[in-house]
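Student: Coordinates only, no sequence provided:
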Ligand SMILES: Nc1ncnc2c1ncn2[C@@H]1O[C@H](COP(=O)(O)OP(=O)(O)OP(=O)(O)O)[C@@H](O)[C@H]1O
Ligand SMILES: [Mg+2]
């Protein structure tokens with residue numbers, strides 16, 4: 001397993017957001033995480049990436065215990081996270097928004113800058129070349145001077161994926177890749193995620209409300225209910241699982 005969560009617990013005041021939750025994400029997979037509203041999905045992402053400390057339990061990445069590590073150290077180990085709303089670069093051009101991405105090799109680059117000043121230019125060239133390659137991958141190279149804010153919704157999502165690729169992650173936690181994407185473009189975004197997974201050897205762990213997106217993109221799918229793992233399986237198994245159906249029916253009744 002590339003990522004393993006073992007008996008995680010997290011409480012916020014009187015709310016047990018995550019309860020004895022255990023599961024794994026296999027290397028090379030696009031694993032989905034679903035569950036009714038308030039099931040603890042976002043909290044699990046926060047625990048894995050070091051944004052919230054666990055009350056108890058362990059998190060392992062590549063076999064290493066990362067439970068106590070701060071977010072930046074977890075990032076430098078190759079675990080990347082996108083947010084539901086990732087913004088702050090709208091006033092930049094598409095190319096600039098890629099070039100400001102930190103890389104996993106930041107420490108190394110940092111020392112290069114101080115010890116070999118002449119290397120800076122070389123480094124910049126390398127980064128620019130990589131950014132152009134990333135844009136070509138998404139067939140967006142002609143957009144490089146465009147302001148990020150002017151891109152249509154679907155292409156903004158592709159830019160988010162491109163910024164992620166600049167960091168060369170091994171595992172990517174995607175929060176709602178379907179959010180803000182017009183349905184007509186969702187298949188295209190899904191196909192790019194699948195291609196990144198296949199060609200670039202990136203593992204994905206995806207939270208998504210849209211069942212069509214999840215069923216089309218992810219295998220296996222992990223279901224969490226009331227803070228704990230209920231079951232996991234292929235899209236077909238999850239669709240026909242009675243416990244899962246009941247968990248979601250319960251949600252509809254509450255609405
Ligand atoms: N920072 C926080 N402070 C207090 N309570 C929180 C906090 N974060 C989450 N919770 C509570 O923990 C529970 C789990 O929330 P979480 O956001 O993880 O669920 P979710 O599965 O992501 O839900 P959704 O599908 O609506 O995004 C909820 O009851 C929520 O209100
Ligand atoms: Mg959430």
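Tutor: Received the coordinates, thanks. In this text, all values refer to a predicted model and were calculated from it rather than measured experimentally. Ligands and ions are numbered 1, 2, ... in the order given.

Student: Now do the contacts for residue 208.
Tutor: Neighbouring residues of residue 208 by Cβ atoms under 8 Å, 6 or more residues apart in numbering: 32, 34, 174, 176, 177, 178, 214, 217, 218. Where C-beta positions appear, they are placed from N, C-alpha and C, glycine not excepted.

Student: again, only using 7 Å
Tutor: Counting by Cβ atoms under 7 Å, 6 or more residues apart in numbering, residue 208 touches 32, 176, 177, 178, 214.

Student: Kindly report the same for residue 90.
Tutor: Neighbours of residue 90 in contact, by Cβ under 7 Å, 6+ apart: 148, 149.

Student: rerun at 8 Å
Tutor: Residues near residue 90 by Cβ under 8 Å, 6+ apart: 147, 148, 149.

Student: coming back round to it: can you list the contacts of residue 208 in TSV and add pLDDT, neighbour count and distance to ligand 1?
Tutor: As requested, those are arranged in TSV below (pLDDT from 0 to 100; neighbours: other Cβ atoms under 10 Å; distance: Cβ to the nearest ligand atom, whole Å):
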residue	pLDDT	neighbour count	distance to ligand 1
32	97	25	13
176	85	19	8
177	83	26	14
178	83	20	13
214	92	22	12
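
Student: Can you check what pLDDT the model gives the closest residue to residue 39 other than its chain neighbours?
Tutor: Counting by Cβ to Cβ, 6 or more residues apart in numbering, residue 224 is the residue found nearest to residue 39 once chain neighbours are left out, at 4.7 Å. You'll see residue 224 listed with a pLDDT of 96.

Student: Neighbours of residue 157, how many?
Tutor: When counting by other Cβ atoms under 10 Å, one arrives at 25 neighbours for residue 157.

Student: Tell me if it really is in a strand.
Tutor: No: using DSSP: H, G, I helix; E, B strand; the rest coil, the secondary structure at residue 157 is helix, not a strand.

Student: can you tell me which residues contact it?
Tutor: For residue 157, the contacting residues are 177, 180, 181, 185, 189, taking Cβ under 8 Å, 6+ apart as the criterion.

Student: Quickly check the residues you listed for the two that are furthest apart.
Tutor: 177 and 185 (11.3 Å; Cβ to Cβ).

Student: circling back: quick one: contacts for the residue nearest to residue 39?
Tutor: With contacts defined as Cβ under 8 Å, 6+ apart, the neighbours of residue 224 are 21, 33, 34, 35, 39, 40, 41, 44, 230.

Student: three-state assignment of it?
Tutor: Taking three-state DSSP as the rule, one finds residue 224 in the strand state.

Student: Repeat that for residue 57.
Tutor: Remark: residue 57 carries the secondary structure label strand [criterion: three-state DSSP].

Student: what does the one 10 residues further on give?
Tutor: On the three-state scheme (three-state DSSP), residue 67 is labelled coil.

Student: how's this protein carved up into domains?
Tutor: Taking automatic domain parsing as the domain assignment, the record places the domains of the chain at 1-78+169-255, 89-167.

Student: Can I get those domains in TSV including distance to ligand 2?
Tutor: Output for the domains of the chain, formatted as TSV (distance: least, Cβ to the ion, whole Å):
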stretch	distance to ligand 2
domain 1-78+169-255	3
domain 89-167	17
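
Student: Buried deepest among those domains, which one?
Tutor: Counting by mean count of other Cβ atoms under 10 Å, domain 1-78+169-255 has the highest mean neighbour count of the domains of the chain, with a mean of 17.

Student: Perfect, that will be all.
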